[in-house]
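>>> just the structure for this:
(chains A and B)
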Amino acid sequence: DTAVSQTPKYLVTQMGNDKSIKCEQNLGHDTMYWYKQDSKKFLKIMFSYNNKELIINETVPNRFSPKSPDKAHLNLHINSLELGDSAVYFCASSQAPWGDTYGYTFGSGTRLTVV
Amino acid sequence: GDSVTQMEGPVTLSEEAFLTINCTYTATGYPSLFWYVQYPGEGLQLLLKATKADDKGSNKGFEATYRKETTSFHLEKGSVQVSDSAVYFCALGLKGNTPLVFGKGTRLSVIA
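Down below sits the predicted model:
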């Protein structure tokens, strides 16, 4: 009964391919996020959805497209993968569209390697 | 803008040593403050938090006090264990559609 689950855990793919990462939370939270963690462990927010509505869309290439079919799911689709997309991608959720009181619950990450 | 500054790592300590990881913040409002821990190969886990000035968060022997006058939230533990080896992130949260702002992380290695 994992709170925030991501699949796959590892993804190795060639440049130019299109891939998707899925995320599901069973906490009843209204807000979900995608973060990218680079090799130096720096965390950068990419997107946030509140109850299926996009509320944060940071400066990321438009090859990255999030989709939220319902408030428990937030998927990340990446087109035309590049070497620089190699990173660990974390999904997270929170009770409200800000984390000021409760913080976030994170998934265990998807390690994407583009070769 | 809002930001968090953590001490650079890596930090290497012997088992049972005292740990301090410094964290200072800049924020336009009154943030809540968090410490997250990331064990190897895992996601981030909330370690402790404080939501207002002078609050002390504590968990698993770790403590941090929200100091508004010094805009700090330093993480401390009196006696570290090998199992505490991880990357520690300080973060601040504000109301509104603003995501948590994370520091760059501090890697801690504890050797037996």
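>>> right, and the helix or strand after the helix or strand hosting B:Ser58?
Under the criterion of DSSP states H and E, B:Ser58 resides in strand B:56-59. Scanning forward in sequence from strand B:56-59 by DSSP H and E, the next helix or strand is strand B:62-65.
>>> enumerate every residue touching residue 7.
Here I'm looking at chain A. Residues near A:Thr7 by C-beta atoms under 8 Å, 6 or more residues apart in numbering or on different chains: A:Ile21, A:Lys22, A:Thr110. To be clear about C-beta, it is placed using only N, CA and C from the backbone, and glycine gets the same treatment.
>>> oops, wrong one, chain B.
Counted by C-beta under 8 Å, 6+ apart, B:Met7 has contacts B:Ile21, B:Asn22, B:Cys23, B:Thr106.
>>> roughly how far apart are A:Gln6 and chain B?
To chain B, A:Gln6 is 8 Å away according to C-beta to the nearest C-beta, to the nearest Å.
>>> ok, and the helix or strand in chain B with the lowest average confidence?
When the helices and strands of chain B are scored by mean pLDDT, DSSP states H and E, strand B:101-102 comes last with a mean of 90.
>>> B:Leu44 reaches A:Phe90, doesn't it?
Yes - using C-beta atoms under 8 Å, B:Leu44 is in contact with A:Phe90, at 7.0 Å.
>>> close to chain A: what parts of chain B are there?
Neighbours of chain A within chain B, by C-beta under 8 Å from any C-beta of the partner chain: B:31-32, B:34, B:36, B:38, B:42-46, B:49, B:51, B:87, B:89, B:91, B:93-100, B:102, B:104-105, B:107.
>>> again, only using 6 Å
Counting by C-beta under 6 Å from any C-beta of the partner chain, the residues of chain B close to chain A are B:32, B:34, B:42-44, B:46, B:49, B:51, B:87, B:93-97, B:99-100, B:102, B:104-105.
>>> so the residue nearest to B:Leu92 when sequence neighbours are not counted versus A:Ser80, what's the distance?
Spatial nearest neighbour of B:Leu92, excluding adjacent residues (C-beta to C-beta, 6 or more residues apart in numbering or on different chains): B:Pro31 at 4.0 Å. Shown here: B:Pro31 relative to A:Ser80, a distance of 38 Å by C-beta to C-beta, to the nearest Å.
>>> pretty sure A:Leu11 sits in a strand.
Yes - assessed by DSSP: H, G, I helix; E, B strand; the rest coil, A:Leu11 belongs to a strand.
>>> wait, it touches A:Leu112, no?
Yes - between A:Leu11 and A:Leu112 there is a contact at 4.9 Å, judged by C-beta atoms under 6 Å.
>>> pLDDT weak spots in chain A?
The model of chain A has pLDDT under 70 over residues A:1, A:97-100.
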